[in-house]
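K.L.:
Provide a 3D model corresponding to the input given below.
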Amino acid sequence: MCGRFSISLAPEDMSQFFEAVAVNDTPDVPNYNVCPTDAVHTLSYQRGQRWLAPMRWGFIPNWYKTPTDGPLLINARAETIAEKPAFRIACRERRAVIIASGFYEWTREGDTRLPWYITRADAAPLAFAAVWQEWRAKGTGGDLFRTAAIVTTGANAPMSAIHHRMPVILEPDDVALWLGEMGKGAATLMRAAPDDALTWHRVDKAVNSNRATGPVLIEPVDD
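P.N.:
Numbering: from 1, shown residues only. Okay, here's the model as predicted:
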């Protein structure tokens, strides 16, 4: 799974790297502890244009009456995304990319959760495959907002030492296909990253709290 990540890239740099038009209300950066339900930097392709805009991390199916009407859907499994009622239309029609600098996973030592920080080995931004859904509370006339889930798959061999799942990480050249700019074939991208694509190091247990902040969260520790 992917349950926490960081983003330190400026929106203008994201926009340039991914060749997208940024809206004015992108989330603040840096954020070294992006948590479920936070607004995240998301790419989508609409009206013939690639956009960088915020979405809520936590997909809300259109039958939910409130955001807490069912499970918090922060991840969508690649193996079942095409059949799950919550995701099957979105995976055909509303694919997105969530941008990150790195993400966290945990191993266990007895009763202690040990956090790891994972980045691309080439230091490029991470492009997580995602799906999105517009949602508004039924019968309220309230604001319409966009929600997203990160697509996950089985871990590659090196990553499996930390966790048995990992986000689907797109190469820059594959972003257009995933977003639907280049026709069909996006399903072929729902696979584990190459074994040499990622690197990681242990970080302080402070990040075990979703309230922790600051660049210290991604600094290496020895213990």
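K.L.:
just checking, what packs against the helix of greatest length in the chain?
P.N.:
The single longest helix within the chain, with elements called by DSSP state H, is helix 11-18. Using 3 or more C-beta pairs under 8 Å, 6 or more residues apart in numbering; DSSP states H and E as the contact test, the elements touching helix 11-18 are strand 21-22, strand 39-46, strand 49-57, strand 95-100. Just so you know, the C-beta spots here come from the backbone N, C-alpha and C atoms, and that holds for glycine as well.
K.L.:
wait, isn't Thr152 in contact with Met166?
P.N.:
Yes - the criterion here is C-beta atoms under 8 Å, and Thr152 meets it with Met166 at 6.5 Å.
K.L.:
quick one: contacts for the closest residue to Glu12 other than its chain neighbours?
P.N.:
Distance criterion C-beta to C-beta, 6 or more residues apart in numbering; nearest residue to Glu12, sequence neighbours excluded, is Ala22 at 7.0 Å. Going by C-beta atoms under 8 Å, 6 or more residues apart in numbering, Ala22 touches Pro11, Glu12, Met14, Ser15, Trp51, Leu52, Ala53.
K.L.:
and if you look at Ala137?
P.N.:
Neighbour list for Ala137: Lys65, Thr66 [criterion: C-beta under 8 Å, 6+ apart].
K.L.:
any idea how far it is from Ala90?
P.N.:
For Ala137, the distance to Ala90 (C-beta to C-beta, to the nearest Å) stands at 19 Å.
K.L.:
fine, thanks again, bye for now.
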